[in-house]
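Peer 1: Please find the sequence and the predicted model below.
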Amino acid sequence: MILRVLIADDEELERRALRSILSAIEQPRLELLEAANGRQAIELAESTVLDLAFLDIRMPGMDGLKAAHELKKLCPAIHIVFVTAYGQFDYAREALRLGVDEYLVKPASVSEVRDTALRVLARIEEQREASAAGQRSGTEAQRALNLLEAELRADFGTNAMDTERLRSFFSLKGLKAAGLLAIVLRPCLSAKLDAAGRRLAFRRIRELAEHRLGTAGWNSILQEGEEYLFCVAALPRISEDPAAVIKVVLDKLVLDARENLGSPVLIGSSFYREGTTALPFVSASDALALCRIDRPLALLVSDPEDAGLQKLNRHGTTTVERALAYMHAHLAEDLSLADVAAAVDSAPSHLSRLFSRQGGDTFVHVLCRLRIAAAKDLLRSGQYRVKEVCTMVGFNDQAYFSRVFRKYEGVSPVDYRPGRS
């Protein structure tokens, strides 16, 4: 029996290394094919039936997730080994060791690659024998999905996650999402809560979010961070105004949290229709900066058809999103509303109204929240003194910075920093 094995990786050295290891396998006989990216892999599958593919998850153009989806459509029986340079998920690899699909972390040793290949090849033979006897296995797809979900969770809350990767994941689950909603929840918990109390509160908020989104019929994945809860939901096609529907669901989640926890939760969210390419958690985090206790929900919509929101400009981003991006890039400067308005080709009064419409707050307060959020990231890194952070985020007076920081976070910058300075 000859099995066709595809090696898809944008790095030539990685392809050579895999080919060298796999070519040494004598039984079963292997026909090795190579692709430098996901699209080449699909072209090969269109003309050749593939039995096994080693796919680099991160390839330019079409990544491994999208390629896997297309390969499974062209070759339904194909088995896939995902390869990535990220090693956070050894536990996932172990959990999948008895499954069909496998997970390799670069750089993998010769024995790791060989053992992984032999395991999967053995399963291919077993499944062929079972198929001939009329047997079927229904667990492979779920194991693969568990692995892909673990990979995606690594990118939650970072710039590494994009809408294409998310759509690939939900497509593999058989969901044709009309849009994706990125959500960042920030519980306003008492500073007196100890670590165990915070963990309990986060767990309860996560349960409430899962219930509320599930009740709405949204398929979602959630991940807890140190201070935030991150979520991506795949929304079905909505005939009415999507923004209105989303706000109803998230407003109910805000009420759920207040009734069950007795404390408010701020929610920043960003909605993208099918076909929109963006970095979901960047806009959702910016939306969070528009929130305040008496206006706990802010939604940014990257879609020109949604009523009640500002139109997209020719670059495909909203005026508020462009203003927030400019403010991020110039936090250390003495920014004014006029400066930001000029940078985004808007009148100051119009930009002020847009901020108020989105989050019900002023430009000054939004800028202040962005600066405090950036200060928290810098302080958590442990690389800078409080005085340095103060200057880096645009505060000229350390005492004033400390007062503002305490107002928003309930503790001083010195106490917030890992290791006092």
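Peer 2: All right, it came through fine. Numbering: from 1, shown residues only.

Peer 1: can you list the domain ranges for the chain.
Peer 2: 2-146, 158-307, 310-421 (automatic domain parsing).

Peer 1: Report how many residues lie close to E409.
Peer 2: E409 is flanked by 17 other residues according to other CB atoms under 10 Å. Bear in mind the C-beta positions are built from the backbone N, C-alpha and C, glycine included.

Peer 1: Settle this for me: it is touching R403, isn't it.
Peer 2: No: under the criterion of CB atoms under 8 Å, E409 is not in contact with R403, lying 11.4 Å apart.

Peer 1: Surely I183 is within a helix?
Peer 2: No: read with DSSP: H, G, I helix; E, B strand; the rest coil, I183 is strand and lies in no helix.

Peer 1: Which residue comes closest to it once chain neighbours are left out?
Peer 2: Computed as CB to CB, 6 or more residues apart in numbering, the closest residue to I183 that is not its neighbour in sequence is C231, at 4.2 Å.

Peer 1: so that neighbour is in which element?
Peer 2: Using DSSP states H and E, C231 sits within strand 229-235.

Peer 1: avg pLDDT for that strand?
Peer 2: Mean pLDDT, strand 229-235: 87.

Peer 1: Over to stretch 37-46?
Peer 2: For stretch 37-46, the per-residue pLDDT averages 92.

Peer 1: and that stretch, how far out from the chain's middle?
Peer 2: 26 Å (CA atoms, centre = their mean, to the nearest Å).

Peer 1: what's the answer for stretch 150-158, then?
Peer 2: 5 Å.

Peer 1: With stretch 344-362 instead?
Peer 2: In terms of CA atoms, centre = their mean, the centre of stretch 344-362 is found 28 Å from the chain centre.

Peer 1: quick one: the helices in the stretch 1-150 of the chain?
Peer 2: 12-23, 38-47, 64-74, 90-95, 110-132, 140-153 (DSSP state H, counting those that start in this stretch).

Peer 1: how about low-confidence regions in the stretch 101-250 of the chain?
Peer 2: 101, 130-144, 157-163, 176-177, 191, 239-240 (pLDDT under 70).

Peer 1: just to revisit the earlier point, now the domains of the chain in CSV, with distance to L152?
Peer 2: Shown next, in CSV, are these (distance: least, CB to CB, whole Å):
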stretch, distance to L152
domain 2-146, 8
domain 158-307, 6
domain 310-421, 22
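
Peer 1: for the stretch 301-421 of the chain, which spans come out with low pLDDT?
Peer 2: Low-confidence segments of the stretch 301-421 of the chain, defined by pLDDT under 70: 302-318, 357-361, 418-421.

Peer 1: Surely G217 is in contact with A234?
Peer 2: No: in this structure G217 lies outside contact range of A234 using CB under 8 Å: 10.1 Å.

Peer 1: can I get the helices of the stretch 1-150 of the chain in a markdown table with mean neighbour count and distance to S168?
Peer 2: Below are these laid out as a markdown table (neighbours: other CB atoms under 10 Å; distance: least, CB to CB, whole Å):
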| stretch | mean neighbour count | distance to S168 |
| --- | --- | --- |
| helix 12-23 | 16 | 21 |
| helix 38-47 | 18 | 10 |
| helix 64-74 | 21 | 4 |
| helix 90-95 | 13 | 18 |
| helix 110-132 | 15 | 21 |
| helix 140-153 | 18 | 8 |
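
Peer 1: Take those helices and write them to JSON lines, including distance to T362.
Peer 2: Output for the helices of the stretch 1-150 of the chain, formatted as JSON lines (distance: least, CB to CB, whole Å):
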{"stretch": "helix 12-23", "distance to T362": "52"}
{"stretch": "helix 38-47", "distance to T362": "46"}
{"stretch": "helix 64-74", "distance to T362": "41"}
{"stretch": "helix 90-95", "distance to T362": "45"}
{"stretch": "helix 110-132", "distance to T362": "56"}
{"stretch": "helix 140-153", "distance to T362": "36"}
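
Peer 1: looking at those, which is closest to R165?
Peer 2: Nearest to R165, of all the helices of the stretch 1-150 of the chain, is helix 64-74, at 5.5 Å by CB to CB.

Peer 1: Tell me the helices and strands packed up against that closest one.
Peer 2: With contacts taken as 3 or more CB pairs under 8 Å, 6 or more residues apart in numbering; DSSP states H and E, helix 64-74 sits against helix 38-47, strand 52-56, strand 79-84, helix 140-153, helix 163-172.

Peer 1: of those, which approaches D377 most closely?
Peer 2: helix 140-153 (19.9 Å).

Peer 1: who's in contact with stretch 322-329?
Peer 2: The contact list for stretch 322-329, computed with CB atoms under 8 Å, 6 or more residues apart in numbering, reads 286, 289, 313, 315, 317, 335, 340-341, 343-344, 346, 351, 354-355, 366-367, 370, 374.

Peer 1: Can I get the buried part of those residues as one PyMOL selection?
Peer 2: Under the burial definition 16 or more other CB atoms under 10 Å, those of those that qualify are selected in PyMOL by:
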select buried, resi 286+289+317+335+340+341+343+344+346+351+354+355+366+367+370+374
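
Peer 1: Show me the helices in the stretch 201-350 of the chain, by range?
Peer 2: Going by DSSP H, counting those that start in this stretch, the stretch 201-350 of the chain shows helices at 242-261, 280-289, 319-329, 337-343, 348-359.

Peer 1: same for the fourth one, what does it pack against?
Peer 2: Put plainly, it is helix 337-343. Packed next to helix 337-343, using 3+ CB pairs under 8 Å, 6+ apart, are helix 319-329, helix 348-359, helix 363-381.

Peer 1: So for A108, which of those sits nearest?
Peer 2: So among the helices and strands packed on helix 337-343, helix 363-381 is nearest, using CB to CB, at 30.7 Å.

Peer 1: Now that closest one: buried residues?
Peer 2: 363, 366-376, 378-379.

Peer 1: ok, so of those, who is nearest I21?
Peer 2: For the buried residues of helix 363-381, the nearest to I21 is L378 (43.7 Å; CB to CB).

Peer 1: Chain neighbours aside, what residue packs nearest to the closest one?
Peer 2: V389 is the one closest to L378 (CB to CB, 6+ apart), at 4.6 Å.

Peer 1: Spit out the contact partners of the one you found.
Peer 2: Here V389 is in contact with A375, L378, L379, P413 (CB under 8 Å, 6+ apart).

Peer 1: So which residues make contact with the strand holding C231?
Peer 2: Under CB under 8 Å, 6+ apart, the answer for strand 229-235 is 156-157, 161, 166, 170, 175, 177-187, 202, 205-206, 209, 213, 218-224, 242, 246, 271, 280-281.
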